[in-house]
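Engineer: After the sequence you'll find the predicted model.
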Amino acid sequence: MTAITVARMTALASAVRLHLLALAIVAVGTAGDSSGVLTVAAVAGLSAILLRLAARAAGVGAPLDPWAPLSVRDRARRTTVVRQRDPDAAGRPRPRAPTASPARA
């Protein structure tokens, strides 16, 4: 791992810790309240969004190009046979037919 990757992972780990700490503080402070449930849900949603933004900024878990595997698969399917539009065109070799007798050694 490079130093940049370690720094990014450390930043993401600290963001996760802050997320859990914020949830714990809000959950303990509003235990048993009917409005506390809504507050905990709001803080959880906001901290999840902030955690996602922190992970994207850190470059950890960045999504790959979703079309890359599909394009490789399509390219593999398309490379079967290259059809010749005019097999009798000038410069094209004529296909050889099998002979009636076996080849001599």
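Structural biologist: Looks like it arrived, so ask away. These numbers come from a predicted model, not from an experiment. Residues are numbered from 1 along each chain as shown.

Engineer: Which of the residues in the helix or strand harbouring residue 41 are classified as buried?
Structural biologist: In the assignment (DSSP states H and E), residue 41 maps to helix 34-58. Buried residues in helix 34-58, counted by 16 or more other CB atoms under 10 Å: 40, 43, 47, 51, 54-55, 58. Quick note: C-beta positions are derived from backbone N, CA and C, even for glycine.

Engineer: tell me which of those residues is nearest to residue 25?
Structural biologist: residue 43 (8.6 Å; CB to CB).

Engineer: Is the closest one in contact with residue 22, as I believe?
Structural biologist: Yes. Contact criterion CB atoms under 8 Å: residue 43 and residue 22 qualify, at 5.9 Å.

Engineer: coming back round to it: could you find the lowest-pLDDT member of the buried residues of helix 34-58?
Structural biologist: pLDDT across these is lowest for residue 58, at 68.

Engineer: where does this structure have low pLDDT?
Structural biologist: Within the chain, the segments meeting pLDDT under 70 span 1-5, 26-27, 29-34, 58-73, 78-84, 102-105.

Engineer: Which strands and helices lie in contact with the longest helix along it?
Structural biologist: In the chain, assigned by DSSP state H, the helix with the most residues is helix 3-29. Applying 3 or more CB pairs under 8 Å, 6 or more residues apart in numbering; DSSP states H and E, we find helix 3-29 packed against helix 34-58.
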